[in-house]
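Visitor: here you go, sequence then predicted model.
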Amino acid sequence: MLVSQVPAFKEYWYPVAYSADVVQVPRPARVLGEDYVIWRGREGVVGAAVDECPHRGSRLSQGWIENGDLVCGYHGWAFAPSGACTRIPQNDPDAPIPPRARALSVLVEERYGLVWICPGMPRESVPELPEADDPQFTLIHELMEVWRASAPRVIDNALDVSHLAWTHRNTIGDSSNPRMNNLKVERVGQVLRSRVSYISRLTPEQRRNTGLSGDFTTRVTNSELVQPFVFRDVMEYENGLRHVLFKTATPVDDTHTLFCQFVARNDNPDEDKVAGIVALDRKIQSEDKELLEQIRPEFPLEMQTEMHTRTDRMTVEYRRILAELASESSLVPPDRTWSRPFVDAARASVKTATNPREQG
Ligand code: FES
Ligand SMILES: [Fe+2]
């Protein structure tokens with residue numbers, strides 16, 4: 001499955017920029033292969049629209065803001081955040097503006113310091129991320145960058161606790177302790193939750209970030225798939241520290257993702273500590289990025305395409321959820337159209353080995 005083959009994905013919310021970066025300058029954003037323009041207009045209201053002027057198709061993101069309206073750089077038509085055209089400079093100033101002269105606006109909201117858009121009719125509200133709004137927690141934005149990986153692969157990696165011991169063996173993982181303790185997985189509708197404890201390495205940086213001592217700690221992680229491309233993880237440390245991790249994967253197109261990560265902490269960290277937390281989390285993410293950018297963007301939806309272990313229960317369930325959304329249309333081809341031919345080759349060799357007469 002490629003994200004462009006699942007129309008249902010248009011019906012969720014995706015972050016496209018930091019609120020602080022959406023100023024009185026139009027900026028482009030790409031979601032699910034469509035180009036949008038985002039801008040801050042009158043009274044600070046954020047607008048978002050398809051990045052194509054209704055007059056002659058110019059890119060609105062090439063325009064500018066004037067008197068709080070988005071001005072198209074081609075013939076100067078101006079648009080309010082609602083998409084309504086407020087000026088056609090070539091017309092008589094008293095002439096009414098035709099109602100069809102609208103920029104095609106899309107839904108946009110600001111939350112958690114991010115600008116979210118929904119390209120279609122939303123099935124849900126902007127994801128509820130309690131700690132990101134909670135005054136008891138400090139919200140820290142860590143990174144927002146485009147990865148050459150597909151969005152389902154990015155979230156699959158977030159839901160997969162069993163990779164920590166290996167992928168992150170040089171930071172927080174301990175490859176001599178790869179086993180998961182008491183992995184519990186539950187699914188309610190399209191929300192997935194898991195709880196598991198495991199041994200995590202305490203490097204000097206991590207000792208500073210957590211206030212713990214020693215070389216290892218047992219960490220409990222409570223993961224949640226909030227929406228198909230939004231992940232939340234409440235990490236509990238032995239000393240009461242809560243490091244709540246949020247990851248969003250905005251599908252830019254089939255092969256690129258705008259990855260955003262932010263955390264909420266209950267230890268009121270000072271500036272130095274925040275810098276240390278961000279530095280380590282960025283290092284950990286670069287370990288994921290390096291692997292994910294080499295994994296094919298197609299995402300398997302059939303259970304036989306891959307092999308699964310007991311610790312893969314969360315990511316197996318993720319495949320089921322995406323398969324359900326994919327089954328709402330008939331656009332997704334069977335996995336065998338793209339999956340590696342070694343699956344068929346392995347089946348063929350088993351058949352040959354068990355039937356000597358076929359070997360001639
Ligand atoms: S193309 Fe935008 S005003 Fe003409
Ligand atoms: Fe990871």
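Guide: Arrived safely, thanks for sending. Predicted model, so just to flag it, every value in this text is computed and none were measured. Ligands and ions are numbered 1, 2, ... in the order given.
Visitor: pLDDT score for the residue nearest to the spatial centre of the chain?
Guide: In the chain, the residue lying closest to the centroid (Cα atoms, centre = their mean) is Ala249, at 1.2 Å. pLDDT, Ala249: 98.
Visitor: can you classify it by secondary structure?
Guide: Three-state call for Ala249 (DSSP: H, G, I helix; E, B strand; the rest coil): strand.
Visitor: any idea how far it is from ligand 1?
Guide: Ala249 sits at a distance of 33 Å from ligand 1 (criterion: Cβ to the nearest ligand atom, to the nearest Å). Quick note: C-beta positions are derived from backbone N, CA and C, even for glycine.
Visitor: surely that residue meets Val226?
Guide: No - in this structure Ala249 lies outside contact range of Val226 using Cβ atoms under 8 Å: 11.8 Å.
Visitor: could I get the full set of strands for the stretch 251-360 of the chain?
Guide: Using DSSP state E, counting those that start in this stretch, the strands of the stretch 251-360 of the chain run over residues 257-265.
Visitor: shaky segments in it?
Guide: Along the stretch 251-360 of the chain, segments meeting pLDDT under 70 span 341-360.
Visitor: at 80 instead, please
Guide: The model of the stretch 251-360 of the chain has pLDDT under 80 over residues 340-360.
Visitor: how about the helices of it, start to end?
Guide: In the stretch 251-360 of the chain, the helices defined using DSSP state H, counting those that start in this stretch lie at 271-292, 313-326, 342-354.
Visitor: most tightly packed of these?
Guide: Highest mean neighbour count among the helices of the stretch 251-360 of the chain (mean count of other Cβ atoms under 10 Å): helix 313-326, with a mean of 19.
Visitor: what residues does that one touch?
Guide: 1, 5-6, 8-9, 152, 155-156, 159-161, 183, 185, 187, 190, 192, 194, 223, 225, 228, 299-303, 308, 332 (Cβ atoms under 8 Å, 6 or more residues apart in numbering).
Visitor: please apply the same query to stretch 72-84.
Guide: Residues outside stretch 72-84 that contact it (Cβ under 8 Å, 6+ apart): 39, 41-42, 45-47, 49, 53-56, 58, 60, 62-64, 66-71, 85-90, 97, 101-105.
Visitor: which of those residues are buried?
Guide: 39, 41, 46-47, 49, 53-54, 58, 60, 63, 68-71, 85-88, 101-103, 105 (16 or more other Cβ atoms under 10 Å).
Visitor: strands - which of those residues land there?
Guide: In strands, defined here by DSSP state E, the members of the buried ones among the contacts of stretch 72-84 are Trp39, Val46, Gly47, Ala49, Asp69, Leu70, Val71, Cys85, Thr86, Arg87.
Visitor: who does the last one bridge with?
Guide: On DSSP bridges, the residues paired with Arg87 through beta bridges are Ala78.
Visitor: roughly how far apart are Ala216 and ligand 1?
Guide: In this structure residue 216 is Phe, not Ala. Distance from Phe216 to ligand 1, by Cβ to the nearest ligand atom: 61 Å.
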